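[1] how does the following fold in three dimensions:
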Amino acid sequence: MNWIKKHKNKILNRYTVGFNIFFSICLVLIFGINIIFPSIERKKALKIDLTGNKLYTLSEETCKILQNLEEEIYIYMIYSPGNIDFRIQELLAEYGASSSKVKVIFLSQEILQSTSERPPLLDIENGVIITNKDRSIEQIFSYEDFYLRNDEGQNISFKAETKITAAIQGIVRGAFCNIRLLTGHGETTRNELERFIQLLDIGNFQIDSYDLSTSTQQLDAQTDILVIVSPKADLEHSEYETISQFMQQGGRILLFLDRSSFNMTQGILQIYTTEMPLFSQLLADYNIKINDDLIISRSVDSINLRRTSFRATPLMNVLTEELCDNHWSVVVNEAASLSFLEKEGVQVQMLLAADSDCFAKKLSSKIENFNYQEGDRQGVFIVGALSEKVTSQLAVITDSQCIGDEALSAPGNHLFFENLLKKLSPLETLISIESKELVVPELQLSDLKPEGLFILAGMILLPIAVFYIGIRMRTRKWKK
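    Numbers count the residues shown, from 1 in each chain. The predicted structure is shown next:
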């Protein structure tokens, strides 16, 4: 007891020194981690994705593509101050951390405007540019291109991964599949095809309007699909020759040709009587003829309360196999029937048929009676077909409303045209990764991988441990 009293100050000083040394080491570690860790984190993307649907976690398909890269891919994210999209920023960091071949560069407009050597290809205000090393091929996206929106214009889904990974795939192979929407003949405009354009976008097709009479860019059979939606005027002879040459080189065409349509505003049936001999000749080159008739359903329970709307049955083949397995039909409106010629060297697959409950009336300037009458044709009518000649393909549907916004909300229509576009594509279809909803349930701890649990535990337990040890040491000192 006397020894303790005698050496009390020495003992207290020893614990004081021990505490001070421990506290100093902790401070050094904290400051070191704050200085060094951010640079490591930026390089390796050391974050835990706490979103319930793994918003910032790359899929296995993407990781496999990135691991197999043999050439460098450059991704530039351009942003103006206060207008950076943090979701896109975080996801791009994951791409950079997943492959040494992917170079992710974040550039603010302030930096770009202050440099005397403004990099080429960066003339956008906010967006993402993906390119190869020599910048011979590129993809440019706005922030909006990475989101799906509802009818109110609100972002509801994040599709950045599929767009970025597909862009990398296309750059590696040196080409993208292009959809050329024909214009100049009274076709349905792009603004009237919102869901169809969305379907093309999800399929990672590059979409452009194309005027045969004014475009300086030639149709390329190796990369292009020519899509023609409800033309109201015929082709010029020079345009027909251009298309014929495109098809001789192995081109692909998707043609929606209406003989009539229902005007929802006026509530009347519009019949198109304009002769289009060159469009007819294009079809005849592929053993297809569109008849001058209108298919009508006998059922009183017709779709949209119109007897001219019906559910077409997919005919069994590789393209429609999934629809047949699910017993899905394709909603069709105001369709004409197809007949087929017998020229050699052409193979025709029948895709969609109206069932035997339908009948067909011959088109005239006006149809007043929509009930079956003597002389009306009966039977199974074909309303969609795919014709192949050598390496070229032509698909024709006798109704354009089947790709309208309402019709494409039906699962059968969506899947049918998704598969048809894949069939027509001259290039292997790029990767398509399901978009991720922005409003999802909170993440459960059971969803975390072991390394995620380890990091999360470290984030919580390490500060507690440091605090506890410090308090114990101080408490022990005071007791002495």
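[2] from here on, contacts and neighbour counts on C-alpha atoms
    Fine.
[3] so where's this protein uncertain?
    Within the chain, the ranges that satisfy pLDDT under 70 run 1-52, 114-123, 300-305, 365, 439-480.
[4] neighbours of residue 383, just the number please.
    Using other C-alpha atoms under 10 Å, residue 383 has 24 neighbouring residues.
[5] who does the host helix or strand of it touch, helix- and strand-wise?
    According to DSSP states H and E, residue 383 maps onto strand 381-389. Contact analysis of strand 381-389 by 3 or more C-alpha pairs under 8 Å, 6 or more residues apart in numbering; DSSP states H and E lists strand 338-340, strand 347-354, strand 392-397 as its packing neighbours.
[6] which strands border it, and is each parallel or antiparallel?
    The strands beside strand 381-389 in its sheet (DSSP bridges) come out as strand 347-354 (antiparallel), strand 392-397 (antiparallel).
[7] from the rest of the structure, what touches the longest one?
    Meaning strand 347-354. 286-287, 310-317, 320, 330, 380-389 (C-alpha atoms under 8 Å, 6 or more residues apart in numbering).
[8] show the buried residues in those residues.
    286-287, 310-316, 320, 330, 381-389 (16 or more other C-alpha atoms under 10 Å).
[9] how far does stretch 173-181 stretch from one end to the other?
    24 Å (C-alpha to C-alpha, to the nearest Å).
[10] now the helices for the protein?
    Taking DSSP state H as the test, the helices found in the chain are 2-6, 8-44, 60-67, 86-98, 109-114, 160-173, 194-202, 237-248, 277-284, 321-326, 411-424, 450-479.
[11] so what does residue 344 look like in phi/psi?
    phi -80, psi 150 (degrees, to the nearest 10).
[12] from residue 60, how far off is it?
    47 Å.
[13] what residue spans form the domains of the protein?
    The chain breaks down by automatic domain parsing into domains covering 2-48+462-479, 59-176, 177-424.
[14] among these, which is nearest residue 434?
    Nearest of those to residue 434, taken as C-alpha to C-alpha: domain 59-176 at 7.3 Å.
[15] hang on, the earlier thing: among the domains of the chain, which is nearest residue 435?
    domain 59-176 (4.4 Å).
[16] and the closest one, end to end?
    22 Å.
[17] tell me the contacts of residue 161?
    By C-alpha under 8 Å, 6+ apart, the neighbours of residue 161 are 58, 91, 433, 435.
[18] JSON lines please, covering those and showing distance to residue 226 and neighbour count.
    As requested, these are exported to JSON lines (distance: C-alpha to C-alpha, whole Å; neighbours: other C-alpha atoms under 10 Å):
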{"residue": "58", "distance to residue 226": "33", "neighbour count": "17"}
{"residue": "91", "distance to residue 226": "34", "neighbour count": "18"}
{"residue": "433", "distance to residue 226": "25", "neighbour count": "18"}
{"residue": "435", "distance to residue 226": "27", "neighbour count": "19"}
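[19] return the subset of the residues you listed lying in strands.
    Among the contacts of residue 161, no residue falls in strands (DSSP state E).
[20] and of the residues you listed, the nearest to residue 109?
    residue 91 (20.4 Å).
[21] isn't the closest one up against residue 59?
    No - counting by C-alpha atoms under 8 Å, residue 91 sits too far from residue 59 to count as a contact (11.5 Å).
[22] what about the strands in the stretch 151-300 of the chain?
    155-158, 178-183, 206-211, 224-229, 252-256, 260-263, 268-271, 288-290, 293-297 (DSSP state E, counting those that start in this stretch).
[23] want to throw these into a markdown table with mean neighbour count and distance to residue 132?
    Listed next are the strands of the stretch 151-300 of the chain as a markdown table, based on neighbours: other C-alpha atoms under 10 Å; distance: least, C-alpha to C-alpha, whole Å:
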| stretch | mean neighbour count | distance to residue 132 |
| --- | --- | --- |
| strand 155-158 | 18 | 25 |
| strand 178-183 | 21 | 19 |
| strand 206-211 | 16 | 18 |
| strand 224-229 | 24 | 22 |
| strand 252-256 | 23 | 28 |
| strand 260-263 | 18 | 47 |
| strand 268-271 | 15 | 51 |
| strand 288-290 | 21 | 44 |
| strand 293-297 | 24 | 52 |
